[in-house]
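> Any chance you can model this:
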Amino acid sequence: MAAYWILYFYVVITTLLCSVNKENLLYSMRHILLALLVIVLVIFSGFRGVQVDADSANYLGWFQGLNEIDGNDLFLFKDPAFYIVGSIISGLGLGISYLFLSYASVALWSKFQLIKYFAYAEYSHYFLYLYFCRFYFVHDMTQIRIGAATGLATLALILLFRKNIYLSIAAFILAIAFHLSVILMLPFFVLLSFGYCFESRLPLFLILCLAGMVNVNFDLFINILGLNDFTRIADYVNGDYDVKPISLFSFYFIVKASLLSFLILFRWRSLRDFDRMVVYLVMAGLLLQVALMNNDALALRAAEVFAVFDLILFITPFLFLSASFKAGYAVFIFLVGSIFFVSSLKIMGPYTLASIN
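All right, here's what the predicted structure looks like:
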């Protein structure tokens, strides 16, 4: 596991170098340092061996079976991006490592791009640090389809907020091609299209009540919406997969819920429109997790659609803290990130390089 720790300390050092004062020469180089970090993360993920994570063996099976898929196969409609990208790579005579490299490039490039558009660009190094610690191993080295999809969908929503309508539409369509679950973000695209400003806290409390009702009447909710017959999630609700209730007392959930509650109850009036939109999106993920907590597969997959906004939320306090408190909060970010990192390592096997062909 030494490779993961070496990578972690490289991320930490990069984050520290980007934390220097604006007068320092290193501050003018921060974009180069962060771009280099993203490239290293892409390569580390792309050229891993298939035994490193839990999902690569499945991807290898799909990749090797692409030549057997005809034009009417349902796989094309369920995972069009995997089929298109995989077919191109296979057609070029390249191995699955290049598929992993492609997905990691899309996932990490999209997260690197979105930091240019949100109001916390000055603290983007903390965002990338938290992303690495919390979701890099989960998404970019395991659930690679959702990793690419959430990055593109998040970028699309932020582009729409910034009035880049056509780029937003293109990015969101591409995100859906990578993983259909990001369709859960569609209501927020509709709200932004109609100029909703997320000024009121009342909908947040109403949705909280709705989440509790869904949780109590989970089976009825599934039946009313006909989700038992929906191909993509039927396996999770019909007993084909071993699902179980999840606990809401994980460290990540508690920290996120605490920060969310603080911002809603005590800082709402000082938040800007973008900050409030982030709060709404994080609340959406949290409430989906609460509403579906009787089914761990559905709850975690639904909540992770909004995962990138979770990390943007962690950066929000930098905007209103005094200089002395910012330093303390930065230490808190490092400590929280280290806990996330250690927890994420539990899903990884020893790192090995793939045989390149």
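> From the chain's centre, how far out is the top helix by length along the chain? Work that out for me.
With DSSP state H setting the assignment, residue counts place helix 323-344 as the longest helix in the chain. When distances are taken as Cα atoms, centre = their mean, to the nearest Å, helix 323-344 is centred 19 Å away from the chain's centroid.
> other SSEs contacting the helix or strand where residue 145 lies?
For residue 145, the enclosing helix or strand under DSSP states H and E is helix 144-161. Judged by 3 or more Cβ pairs under 8 Å, 6 or more residues apart in numbering; DSSP states H and E, the packing partners of helix 144-161 are helix 80-91, helix 96-114, helix 165-178, helix 186-193, helix 273-291, helix 296-304, helix 307-315. Placement of C-beta: from N, CA and C, glycine included.
> can you put those in a markdown table and add mean neighbour count, distance to residue 267 and mean pLDDT?
As requested, the helices and strands packed on helix 144-161 are exported to a markdown table (neighbours: other Cβ atoms under 10 Å; distance: least, Cβ to Cβ, whole Å; pLDDT from 0 to 100):
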| stretch | mean neighbour count | distance to residue 267 | mean pLDDT |
| --- | --- | --- | --- |
| helix 80-91 | 17 | 39 | 86 |
| helix 96-114 | 23 | 23 | 90 |
| helix 165-178 | 18 | 28 | 92 |
| helix 186-193 | 14 | 21 | 90 |
| helix 273-291 | 22 | 9 | 87 |
| helix 296-304 | 20 | 23 | 76 |
| helix 307-315 | 24 | 12 | 90 |
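> Just put the ones you listed in TSV and tack on distance to residue 353.
Listed next are these as TSV, based on distance: least, Cβ to Cβ, whole Å:
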stretch	distance to residue 353
helix 80-91	18
helix 96-114	9
helix 165-178	25
helix 186-193	40
helix 273-291	35
helix 296-304	28
helix 307-315	28
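> Of all those helices, which one is nearest residue 65?
With Cβ to Cβ as the criterion, residue 65 lies closest to helix 80-91 of those, at 9.5 Å.
> send the alpha carbons of the closest one over as CSV?
Output of helix 80-91 as CSV, limited to C-alpha atoms (Å, rounded to 0.1, in the frame of the first residue of the first chain):
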residue,chain,number,x,y,z
PRO,A,80,-23.4,4.3,-24.7
ALA,A,81,-20.2,6.0,-23.6
PHE,A,82,-18.6,2.8,-22.4
TYR,A,83,-19.5,1.2,-25.7
ILE,A,84,-18.2,4.1,-27.9
VAL,A,85,-15.0,4.7,-26.0
GLY,A,86,-14.3,1.0,-25.5
SER,A,87,-14.9,0.2,-29.2
ILE,A,88,-12.6,3.0,-30.3
ILE,A,89,-9.8,1.8,-28.0
SER,A,90,-10.4,-1.9,-29.0
GLY,A,91,-10.4,-0.9,-32.6
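> got the angle for that helix vs helix 144-161?
Between the direction of helix 80-91 and that of helix 144-161, the angle (axes from the mean of the first three to the mean of the last three Cα atoms, to 10 degrees) works out to 120 degrees.
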